[in-house]
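Trainee: Dropping a prediction and its sequence here:
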Amino acid sequence: MSDAFNTPVSVDPRLLEVLVCPVTRGRLSYDRERNELVSAGAKLAFPIRDGVPIMLVEDARPLD
């Protein structure tokens, strides 16, 4: 079986222009190593699963 669904997918730059943090409504940056969208203002990292950003606060990882 292929691991295609487990391989991190890069995020389309156009998507980053449209998506905002659901908490602060601020910009997000893409962390390629962790495959997350990071909100510096909210100190949260939102996961990307199977190429889909999960923008739920309850699924976000708090940043230190």
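Mentor: Cool, got the structure. Predicted, not measured: the structure shown is a model, and the values here were computed from it.
Trainee: lowest-pLDDT helix or strand in this structure?
Mentor: Ranking every helix and strand in the chain by mean pLDDT, DSSP states H and E puts helix 13-18 at the bottom, with a mean of 85.
Trainee: So which bits of the next helix or strand after it are buried?
Mentor: Going down the chain from helix 13-18, the next helix or strand is strand 29-31, by DSSP states H and E. Buried residues in strand 29-31, counted by 16 or more other C-beta atoms under 10 Å: Tyr30. In this view, the C-beta of every residue, glycine as well, is placed from N, C-alpha and C.
Trainee: Strand 29-31 - which strands sit beside it in the sheet, and in what orientation?
Mentor: strand 36-39 (antiparallel) (DSSP bridges).
Trainee: Other residues contacting the strand it pairs with?
Mentor: For strand 36-39, contacts defined as C-beta atoms under 8 Å, 6 or more residues apart in numbering pick out 11, 16, 19, 21, 23-24, 26-31, 44-48, 53, 55, 61, 63.
Trainee: picking that back up, distance between the least confident helix or strand of the chain and the chain's centre?
Mentor: Computed by C-alpha atoms, centre = their mean, to the nearest Å, the separation of helix 13-18 from the middle of its chain amounts to 11 Å.
Trainee: At the geometric centre of the chain, which residue sits there?
Mentor: Compute the mean C-alpha point of the chain, and by C-alpha atoms, centre = their mean the closest residue is Leu37, 2.5 Å away.
Trainee: pLDDT score for that residue?
Mentor: pLDDT recorded at Leu37 is 96.
Trainee: Could you do Phe5 as well?
Mentor: With respect to pLDDT, Phe5 has a value of 46.
Trainee: Could you number the chain from 655 rather than 1 from now on?
Mentor: OK, 655 is where the count begins now, so the last one is Phe659.
Trainee: can I assume Pro707 is in contact with Leu669?
Mentor: Yes: with contact defined as C-beta atoms under 8 Å, Pro707 reaches Leu669; the gap is 7.4 Å.
Trainee: okay, the two: which has more neighbours?
Mentor: When neighbours are counted by other C-beta atoms under 10 Å, Pro707 and Leu669 differ, and Pro707 comes out ahead with 18 against 13.
Trainee: got the phi/psi numbers for that one?
Mentor: Here is the backbone geometry of Pro707 (degrees, to the nearest 10): phi -70, psi 130.
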